[in-house]
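> next come a sequence and a model predicted from it.
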Amino acid sequence: MVREALKGQGKDLMENNAYFYTAIILLGLCTAICRAGYFLLGHYIPLPEGLRSALRYAPLAALAGILVPELLPWHPVDGPQVDLRLLAAAIAIGVFLWTRNGFLLIVSGMGALWLSRWLFGL
Amino acid sequence: MRAGFQAVSPGLIALGIWGVVTGIAMVKSGLTETQAIMMSLLVYAGSAQLTALPLLAAGAPIWLIFAAGIIVNLRFLIFGAALHPFFRDLSWRKRLLLGYMNVDVSFVVFMPRFADASQKGTLEQHWFFIATVLSSWTVWQVTSMVGAALGAIVPVSWSLEFGAVLALMAMMLPHITSRPILISVIAAGITAWLTQMWPLRLGLLAAVVVGIVVGMWSERRLKAKVKT
């Protein structure tokens, strides 16, 4: 998703300021409704304790949900894609399990990606 | 408050890289720098911004953009429900502000730390949360502006966005401390892989729901095994 957005359209389609600002004010409202909605109205929507404790699984599930499509993207026509990112991520996870250091995970993963691309001439 | 800053720091690296990437994407979609800055200040939601950009560029109807924005942000309703007990006693203005500022990384560092706290809504918890959301907001806004200003200078071939993926991994791995959590993460990952072609990031919502259900299921199974 991020990679697609980066390719960009390069078109100047945002000349209509009224349209643009209406849209982003509404998008800001979306942010507020979804993020603060339960904060504001939660008193009236009590959750059973079982369900509430189940929500502890939400944060890591969300992270996995963000990460996996970036690591293993699907092409609209060709289907699942595998590239050197997966190799680099595996190396980074290995480095983390060995050192327990998050900073080294990032450095080693980035280094592994650049190095392997250079080695394979991609 | 210092604990909050420390806990969120890997998340800030992820946010910073993603901020730059989103800034670049906004300008490349045809927004002026002012528009990009206004969008980042008002919307303050990276995935919603990235989803809305092609719709805006295509001149999609306003209601469609609004609907897309709601759907992309649905996971925050779940996050809000999980966080609500910690903030229920604050005034509505504070709840609105803190809720609006909650992002994925602040939720991810807050919940594992305080989910089992016997007392919910302490000052320590509030300041921890404020530290994470304030630093997240600042890093996101500054890096979005940097990205918008850089525009096309950073070549796509550097794959800077991969740094954000790695930073999120650095946030996630230390919290995988039990078997139900591991199983839940794997199930969420598989779901996200299978559903990634779904529009409007519905796959991410599906991953969150499956992760919760599978996590609870494996927790119960594990307890049942221990008893017998």
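On my side now, so go ahead. Predicted model only: the values in this text are computed from it and were never measured.
> alpha carbons only: can I get stretch B:38-51 in PDB?
This file holds the C-alpha atoms of stretch B:38-51, laid out as PDB (Å, rounded to 0.1, in the frame of the first residue of the first chain):
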ATOM      1  CA  MET B  38      -3.100  20.900   6.500                       C
ATOM      2  CA  MET B  39      -4.100  17.300   5.700                       C
ATOM      3  CA  SER B  40      -1.500  16.000   8.100                       C
ATOM      4  CA  LEU B  41      -2.600  18.400  10.900                       C
ATOM      5  CA  LEU B  42      -6.300  17.800  10.500                       C
ATOM      6  CA  VAL B  43      -6.600  14.200   9.600                       C
ATOM      7  CA  TYR B  44      -3.600  12.900  11.600                       C
ATOM      8  CA  ALA B  45      -4.100   9.300  10.400                       C
ATOM      9  CA  GLY B  46      -1.500   7.800   8.100                       C
ATOM     10  CA  SER B  47      -3.500   4.900   6.800                       C
ATOM     11  CA  ALA B  48      -6.600   7.100   6.200                       C
ATOM     12  CA  GLN B  49      -4.400   9.700   4.400                       C
ATOM     13  CA  LEU B  50      -2.800   7.100   2.100                       C
ATOM     14  CA  THR B  51      -6.200   5.600   1.400                       C
END
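> count the residues that sit near whichever residue of chain A sits closest to chain B.
Per C-beta to the nearest C-beta, A:Ala61 is where chain A lies closest to chain B, at 2.3 Å. Using the backbone N, CA and C atoms, a C-beta is placed for each residue, glycine as well. Counted by other C-beta atoms under 10 Å in any protein chain shown, the residues lying close to A:Ala61 total 30.
> give me every residue that touches it.
Residues in contact with A:Ala61, defined by C-beta atoms under 8 Å, 6 or more residues apart in numbering or on different chains, are B:Ser184, B:Val185, B:Ala187, B:Ala188, B:Ala207, B:Val208, B:Val210, B:Gly211, B:Ile212, B:Gly215.
> likewise for A:Tyr21?
Residues counted as contacts of A:Tyr21 (C-beta under 8 Å, 6+ apart) are B:Met38.
> next one: it from B:Ser159, what distance?
Counting by C-beta to C-beta, to the nearest Å, the gap between A:Tyr21 and B:Ser159 amounts to 33 Å.
> show me the contacts for the residue nearest the centre of chain A.
The centre of chain A sits closest to A:Ile66, judged by C-alpha atoms, centre = their mean, with a distance of 3.5 Å. Shown here is A:Ile66, whose contacts under the criterion C-beta under 8 Å, 6+ apart are B:Asp104, B:Leu168, B:Ala192, B:Leu204.
> among the residues you listed, which two are most distant?
Among the contacts of A:Ile66, the pair separated by the greatest distance (C-beta to C-beta) is B:Asp104 and B:Ala192, at 13.7 Å.
> looking at those two now, which is surrounded by more residues?
More neighbours sit around B:Ala192 than around the other of B:Asp104 and B:Ala192, counting by other C-beta under 10 Å; the figures are 30 against 26.
> just the pLDDT at that one, thanks.
The model reports B:Ala192 with a pLDDT of 92.
> please identify which helix or strand holds it.
helix B:179-195 (DSSP states H and E).
> give me the contacts around the helix or strand bottoming out on mean pLDDT in chain B.
Lowest by mean pLDDT, DSSP states H and E among the helices and strands of chain B is helix B:160-172, with a mean of 79. Contacts to helix B:160-172, defined as C-beta under 8 Å, 6+ apart, come from residues A:2-3, A:6, A:60, A:63-64, A:66-67, A:70-71, A:85, A:88-89, A:92-93, A:96, A:102-103, A:105-106, A:109-110, A:113, B:10-11, B:13-14, B:17-18, B:20-21, B:105, B:108-109, B:154, B:185.
> grab the nearest non-local neighbour of B:Phe128.
Closest residue to B:Phe128 in three dimensions, ignoring its sequence neighbours and counting by C-beta to C-beta, 6 or more residues apart in numbering or on different chains: B:Gly4, at 4.0 Å.
> do the same with B:Leu98
Of all residues not flanking B:Leu98 in the chain, B:Phe87 sits nearest, at 6.1 Å (C-beta to C-beta, 6+ apart).
> so B:Val43 is in contact with A:Leu27, correct?
Yes - in this structure, B:Val43 is within contact of A:Leu27 by C-beta atoms under 8 Å, at 4.4 Å.
> what is in contact with the two at once?
Shared contacts of B:Val43 and A:Leu27 (C-beta under 8 Å, 6+ apart): B:Gln49, B:Ala52, B:Gly69.
> show me what contacts the second one?
Contacts for B:Ala52 were tallied using C-beta under 8 Å, 6+ apart; they are A:Ala23, A:Ile24, A:Leu27, B:Val43, B:Ile65, B:Ala68, B:Gly69.
> next, format those residues as a markdown table and append secondary structure and neighbour count.
What follows is the contacts of B:Ala52, written out as a markdown table (DSSP: H, G, I helix; E, B strand; the rest coil; neighbours: other C-beta atoms under 10 Å in any protein chain shown):
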| residue | secondary structure | neighbour count |
| --- | --- | --- |
| A:Ala23 | helix | 25 |
| A:Ile24 | helix | 24 |
| A:Leu27 | helix | 27 |
| B:Val43 | helix | 22 |
| B:Ile65 | helix | 22 |
| B:Ala68 | helix | 20 |
| B:Gly69 | helix | 28 |
